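# need a structure here:
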Amino acid sequence: MKLKTTYMGLPLNSPIVVSACTLSQQMDNIVRMEDNGAGAVVLFSLFEEQIRKEEIKFKKVIAETTYAFPEALDFFPDVDDFNVGVDEYFEKIRIAKERVDIPIIGSLNGITTEGWIDYSKQIESAGADGIEINIFFIPGDITISSSEVEHRYLNIINAIRHAVKIPVAIKLNPYFSSMGNMSLRMKNVGADALVLFNRFYQPDFDINEMIIKTDLNYSESSEIRLPLLWIGLLYGKADLSLAATTGVQSAVEVIKYILAGADVVMTASSLYKNGISYLKTMNKELQDWMYAMGFDDLNSFKGSMSQKNISDPTAYERANYIKILEGVK
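Coordinates of the predicted model:
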């Protein structure tokens, strides 16, 4: 069974892609991901605030040291030449491109317009095949309008599109009031792909210590329904590659996402739980299902259960909601 697919113009041997996670911090892990059948790897995210924080610390060290020992100034490089964490990240991209043949996609979580543009350019220069933009923005300021939030996204995408030539994927949150229209607008300003959806950090409380907990739980298969809905709705309507992420624990979720119309399906939680070798298991189970169903390749069934292709499109809309309620006893 042929598992080849195309994601934002990049040819992949498998639709199963490793999503941005700490596993890709180790180069040997990236090699193992390829050996076990990953179609591509999205590297762990580069966070601008981490870089800025380190630069602030560095400036503080320089200021304090040179104040006491002026002659020590020459021992320190200029802060603009001392990008803590950045050089290591770009070096990982270069080494990964030397050691594996599968596409390597950089991941950037920025803050400032300058940061988005600068680090995107450097990710491209390091040799990445594409870049995934993770716009992790929660509008906690209640004076910010929905229009302002949308334009923030669009301006970032537009700035990056004009800065780099490699394909750009946008990792989205599910909270836009008109997801379909926003997808088209993102396409118009330069997005090549959408990754649905970003798992926003949602706080929990420790009621004994009276603190906000900062733990992170792995996604569960039950979480696929919202991205499944929107991939099924967007397939064939927006000229964008669609990547599914969240809740991918087995080949079952991979199959469902592709049936909805996903070009690729991203996973990390399943690899933390089962090991990198689980990629091989997922690929085999996908092929076994395809064989049993009589499908020769992914295009034989991709999008076959999207709203565009099913016999009853109302299954995606309010009519189906009413049917569900009528079935509850």
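
# show me the shaky parts of the chain.
For the chain, residues meeting the criterion pLDDT under 70 lie at 48-85, 111-113, 136-138, 200-203, 214-218, 318-329.

# apply 80 and report the result again.
1, 47-85, 110-115, 135-141, 199-204, 207, 212-222, 311-329 (pLDDT under 80).

# quick one, helices of it?
Here the chain has its helices, by DSSP state H, at 27-35, 48-68, 86-99, 113-125, 146-163, 179-188, 225-234, 251-260, 269-274, 278-293, 318-327.

# what residues of the fourth one count as buried?
Right, the one you point to is helix 113-125. 115-120, 122-124 (16 or more other C-beta atoms under 10 Å). Just so you know, the C-beta spots here come from the backbone N, C-alpha and C atoms, and that holds for glycine as well.

# tell me the contacts of residue 165?
residue 124 (C-beta atoms under 8 Å, 6 or more residues apart in numbering).

# sorry, back to before: in a markdown table, list the buried residues of helix 113-125 along with distance to residue 170.
Shown next, in a markdown table, are the buried residues of helix 113-125 (distance: C-beta to C-beta, whole Å):
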| residue | distance to residue 170 |
| --- | --- |
| 115 | 16 |
| 116 | 12 |
| 117 | 15 |
| 118 | 18 |
| 119 | 16 |
| 120 | 12 |
| 122 | 19 |
| 123 | 15 |
| 124 | 16 |
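
# now do the same end-to-end measure for stretch 28-45.
One end of stretch 28-45 sits 18 Å from the other (C-alpha to C-alpha, to the nearest Å).

# oh, I was asking about stretch 287-305
This stretch, stretch 287-305, spans 19 Å end to end (C-alpha to C-alpha).

# and which of the buried residues of helix 113-125 is nearest to residue 100?
Nearest to residue 100 among these is residue 123, at 16.7 Å by C-beta to C-beta.

# the closest one against residue 110, yeah?
No - counting by C-beta atoms under 8 Å, residue 123 sits too far from residue 110 to count as a contact (11.0 Å).

# how many neighbours does residue 263 have?
Neighbour count for residue 263, taken as other C-beta atoms under 10 Å: 26.

# among the helices of the chain, which is the most enclosed?
Of all these, helix 251-260 carries the top mean neighbour count, a mean of 23, counting by mean count of other C-beta atoms under 10 Å.

# what's that one packed up against?
For helix 251-260, the helices and strands in contact under the criterion 3 or more C-beta pairs under 8 Å, 6 or more residues apart in numbering; DSSP states H and E are helix 225-234, strand 264-267, helix 278-293.

# any idea which of the ones you listed gets closest to residue 169?
For the helices and strands packed on helix 251-260, proximity to residue 169 was assessed by C-beta to C-beta; strand 264-267 is nearest, at 9.7 Å.

# which residues touch residue 161?
Each residue near residue 161 by C-beta under 8 Å, 6+ apart is listed here: 168, 189-191.

# how close does it sit to residue 219?
Remark: distance between residue 161 and residue 219 (C-beta to C-beta, to the nearest Å) = 29 Å.
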